[in-house]
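Undergrad: Just the structure for this:
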Amino acid sequence: MTGTHTIKFGGYFGYIRNNQPGNANSNGDLIFDTWSDSSTGNVPADYVTGLPIWYQEATKQFACDTKWNELAFFAQDSRKITPRLTPEYGLRIQHMQPWTARNGIGITTRVPSAHDPDAPSSALPGILSNAKAKNVPLADWQTRALDYSPRFGFAWDIFGKGKTVLRGGYGMFYYYDPQLAADAMDMPAGVRATTVCCGLTMAQIDATATQGSLAFGGTAVDGRDDNQPRVQSYSFTISQRQPGRALLEVSYVGNKSDYLINSGYQNINRVRIVTMSHDSGGDTNAYRPLKNFQDLNVPSHRACSNYNSLQVFATRQAGWSNFTPTYTWSKAMGILTNPILALPERMKDNYGPFSFDRTHVLAASYVLNIPDPVKTGNPLAKGIANGWQISGIVQATSGVNNWQNTSNNFGYQAPSRIRPDNTMSSMEVTGTDAWVLSPILACNPRANLGSEQYINAACFAPPIAGQKGQLGVNGPIVMPYFRGPGFLNTDLSVFKNFRWSESRNVQLRFSAYNMPNHPNVSFVNNDQNLRLTMDVAGRVTKPRFGFADSKVGRRIVQLGIRFLF
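TA: Next up, the predicted model:
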């Protein structure tokens, strides 16, 4: 501390190493389902007759040994400019080494300029590593020399009486990715993984796998990417003292995250839109942009998210009554990690509310230490009337977005319009495996709802199949906000204290969770009322689709005794 300044500074060094087995299916993996043309329509029958959907296999497993180092310094100053105004400001400077291979071989790095469309998959065209090209680092990303993270905040006593205070701040924070390097170490180390699809018999799969010319898939990093995930947080709060020694605060709190990993959009070798509209049941590998590979996942720092909220907080922690009610209105938005359209170049089309978004959240707690009504007199009367405490919690929230919590399209299924006795696929509508099949909206499905109904099934229509070289009509990429049932809970506890002496006390406890025994209307996991299926005429086959028929929650009573000495 010097003068009006309070200065802090310091440093940090971190070393992290992770050595773990890979995730490849070296023993092979057979997948059975009913959507293939060759399926009998019954999974056990497919097992017996040997009709898998696809087969996956990798050549081997190997240990992924990686590490990173971090070196950081920070300095922060809190300065009291006047008795009413105190700003704080600081800076953190970091050198963040990416995950780095310790095996001397390196990590798969995608270099588009090195791609040869005529080279065999075994030559890894467009794929480099340190063992193949020494100018490629052993790390999974490029490394910035320094990342700078400023922080600023202030507290202002507006009227100088300590009753009305405005506070605010801004901060920037960089942090590490999860260990993305593990999968990207496979190809340089000789791991080859392939998928044989679709609708082949076991004998055909065996014959295909022995040809020796299969394309394979894998994971590579973007050699041009030198970003790290970043969060910028900001807030403003006004605090006002209230009569009765209470406090009221109103805050705007938010954050913005960018340079996040593009989860759900990593596969740069997905079939492009319309490409397979004339061959919806064909082999996707024949239509991929990079003929040398199957799925080629290239994680990069391209996603983003944000959270913004208005928060109201009140509290009184004095006397015999204590309470703390809070209310938050918020919105959590960003690039959805479970996208309808998973092409990397169309990532921004999937911007919307997250599955965990809850617009309204109300919570209140209270503790009542009931004043002793009997001060003197009969010890029995004092024992019965005195020493009572009551506490409780009340919680209420609005419902989640049902669309984002049910695979984005309510598990939509309808009969195929061009392949009799089969279900419709996204291929025949969009001509690509990157676009999830989604129903068309014919009206507002959030209007004209009945009791306990949250989605109007009459507003959905089946997608329209495309023609050769033409895009069909699919449902929206981002659906409306289908808010589900809200949540309400009330817990109550009553305590009775009996004091034997100065150091001995017996407490009887009665607690009732969900005290009114009020069940919440709800959708449940894998709720069939949120599965949208249609018949060949485009009619919804589940009459209770969109209705919340389940109820969850019951009163739980707990009795207890506690002896303090």
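Undergrad: could you pull out the strands for the stretch 301-450 of the chain?
TA: Per DSSP state E, counting those that start in this stretch, the stretch 301-450 of the chain carries strands over the ranges 301-318, 321-335, 351-353, 360-369, 388-397, 440-441.
Undergrad: and among these, the most buried is which?
TA: Burial of these is given as mean neighbour count (mean count of other Cβ atoms under 10 Å); strand 351-353 ranks first at a mean of 19. Placement of C-beta: from N, CA and C, glycine included.
Undergrad: What strands flank it, and is each parallel or antiparallel?
TA: Strand pairing for strand 351-353, using DSSP bridges, gives strand 321-335 (antiparallel).
Undergrad: Could you pull up the mean pLDDT of the partner strand?
TA: For strand 321-335, the mean per-residue pLDDT is 96.
Undergrad: do the same with stretch 489-505
TA: The average pLDDT within stretch 489-505 is 86.
Undergrad: Show me which residues of that stretch are buried.
TA: 489-495, 497 (16 or more other Cβ atoms under 10 Å).
Undergrad: And for stretch 452-469?
TA: 454-457, 459-463, 465-466.
Undergrad: Filter those residues down to just the ones in helices.
TA: Using DSSP state H, no member of these falls in helices.
Undergrad: helix or strand for residue 488, which one?
TA: Assigned by DSSP states H and E, residue 488 belongs to strand 487-499.
Undergrad: same for that strand, what does it pack against?
TA: Packing partners of strand 487-499 (3 or more Cβ pairs under 8 Å, 6 or more residues apart in numbering; DSSP states H and E): strand 388-397, strand 505-513, strand 520-522.
Undergrad: which of those strands has the lowest average pLDDT?
TA: When I compare the helices and strands packed on strand 487-499, strand 505-513 is least confident, with a mean of 90.
Undergrad: which residues sit against it?
TA: 489, 491-500, 555-565 (Cβ atoms under 8 Å, 6 or more residues apart in numbering).
Undergrad: what about 6 Å?
TA: Strand 505-513 has contacts (Cβ atoms under 6 Å, 6 or more residues apart in numbering) with 491-499, 556-564.
Undergrad: what about it, distance to the chain center?
TA: What separates the centre of strand 505-513 from the centre of its chain is 39 Å, taken as Cα atoms, centre = their mean, to the nearest Å.
Undergrad: what lines up beside that strand in the sheet?
TA: Strand 505-513 has these strand partners (DSSP bridges): strand 487-499 (antiparallel), strand 556-564 (antiparallel).
Undergrad: Pull out the buried residues from it.
TA: Buried positions in strand 505-513, judged by neighbour count with 16+ other Cβ under 10 Å: 507, 511-513.
Undergrad: repeat for stretch 251-270
TA: Neighbour counts using 16+ other Cβ under 10 Å place 251, 253-262, 264-270 of stretch 251-270 among the buried residues.
Undergrad: Kindly report the same for stretch 402-420.
TA: Quick answer for stretch 402-420 (16+ other Cβ under 10 Å): 402-406, 408-410, 412-416.
Undergrad: same question, stretch 99-117
TA: Residues of stretch 99-117 classed as buried: 99-101, 103, 105-111, 114 (neighbour count, 16+ other Cβ under 10 Å).
Undergrad: In strands, which of those fall?
TA: For the buried residues of stretch 99-117, the ones inside strands are 100-101, 109-110, with DSSP state E as the criterion.
Undergrad: follow-up on the earlier one: need the strands of the stretch 301-450 of the chain in TSV (columns: distance to residue 43).
TA: Below are the strands of the stretch 301-450 of the chain laid out as TSV (distance: least, Cβ to Cβ, whole Å):
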stretch	distance to residue 43
strand 301-318	35
strand 321-335	34
strand 351-353	34
strand 360-369	42
strand 388-397	39
strand 440-441	30
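Undergrad: Out of those, which gets nearest to residue 50?
TA: Residue 50 lies closest to strand 440-441 among those, at 37.9 Å (Cβ to Cβ).
Undergrad: Touching the closest one from outside, list them.
TA: Defining contact as Cβ under 6 Å, 6+ apart, one finds that strand 440-441 is touched by 459, 461, 475.
Undergrad: Then stretch 153-163?
TA: Stretch 153-163 has contacts (Cβ under 6 Å, 6+ apart) with 84-88, 164-167, 169, 241.
Undergrad: Okay, and which of the residues you listed map to helices?
TA: Per DSSP H, the contacts of stretch 153-163 never map to helices.
Undergrad: which sections of the stretch 101-250 of the chain are below the confidence cut-off?
TA: Where the stretch 101-250 of the chain drops to pLDDT under 70, the residues are 140, 179, 198-199, 208-214.
Undergrad: Good, wrapping up.
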